[in-house]
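S.K.: got a predicted model here, sequence first, then my questions.
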Amino acid sequence: SRPMASPSAKAAVVPFWQTKAFYRYGTLAVFLAIWEMLGPLVNPIFFTYPSRIAIAFYEETISGELPYYTLQSLEVLAYGLGFSILIGIPLGVGMARSRYLDWALDLPINAFNATPLAALVPILVLWFGIYLKAKVIIVFLVIVGAWELSRKRPKRRRPQKCPARNVHRAFLQGPRITRA
């Protein structure tokens, strides 16, 4: 039988200044303090500071503007995500099952994803206006494009043929020489 540990033998207590939380939150506090002190020196058109942001957040929330526009943005997100689920998933499955459909749609999808969104948005606004329809189409195109690109991701290599894993294994082994 093992002897019981005495109550006086406790785990070593780490001082608070040697913890991750101290450095993480301490760095954040220092950053915010410097920002708060230097913020009033900059023109508020270009840059503002945390206390002004907090005041504006409170005022916009109380006035009802922030919740109103947040719900509008969530509506656009919900419609765009819903349409991309309804169209994008069957499209991806169809492209994975039919090489002809994949060949037909691969070029337009890759061309769209190579085009910067900043170049597409003005065209979509001209075609569809600035209201809900254009915003939903932009969200739809971004989500479906990302899904279709992720479908084309190469298969994962087997671990024994992966050079990065061999390097990792060699470092873990220490001074011994290993075979791949």
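M.R.: Looks like it came in fine. Residues are numbered from 1 along each chain as shown.
S.K.: only C-alpha atoms from now on, for both contacts and neighbour counts.
M.R.: Will do.
S.K.: could you give the number of residues near Gly92?
M.R.: When neighbours are defined as other C-alpha atoms under 10 Å, Gly92 has 20 of them.
S.K.: could you grab the helix/strand/coil label for it?
M.R.: Under the three-state scheme (DSSP: H, G, I helix; E, B strand; the rest coil), the conformation of Gly92 reads as helix.
S.K.: quick check: it vs Ile143, distance?
M.R.: 12 Å (C-alpha to C-alpha, to the nearest Å).
S.K.: swap in Val14?
M.R.: 46 Å.
S.K.: the two - which one has more neighbours?
M.R.: For Val14 versus Ile143, neighbours defined as other C-alpha under 10 Å are more numerous around Ile143 (17 against 8).
S.K.: residue contacts, the more buried one?
M.R.: Residues counted as contacts of Ile143 (C-alpha atoms under 8 Å, 6 or more residues apart in numbering) are 81, 84.
S.K.: give the buried residues for the strand or helix carrying it.
M.R.: Taking DSSP states H and E as the criterion, the element that holds Ile143 is helix 132-151. For helix 132-151, the buried set under the neighbour-count rule, 16 or more other C-alpha atoms under 10 Å, comprises 134-145, 147-148.
S.K.: need phi/psi at Pro116.
M.R.: phi -60, psi 140 (degrees, to the nearest 10).
S.K.: what is the burial count for it?
M.R.: 9.
S.K.: the closest residue to Gly39 other than its chain neighbours: what's it in contact with?
M.R.: Once flanking residues are discounted, Gly39 sits nearest to Tyr49: 4.8 Å by C-alpha to C-alpha, 6 or more residues apart in numbering. For Tyr49, the contacting residues are 35-36, 39-40, by C-alpha under 8 Å, 6+ apart.
S.K.: top of the residues you listed by number of neighbours, please.
M.R.: Gly39 (18 neighbours).
S.K.: please pull out the lowest mean pLDDT helix or strand from this structure.
M.R.: helix 163-173 (a mean of 60; mean pLDDT, DSSP states H and E).
S.K.: so where's this protein shaky on pLDDT?
M.R.: Segments of the chain classed as low confidence (criterion: pLDDT under 70) are 1-11, 149-180.
S.K.: okay, helices next: where are they in it?
M.R.: Assignment of helices within the chain using DSSP state H yields the ranges 20-38, 50-63, 65-97, 99-114, 117-128, 132-151, 163-173.
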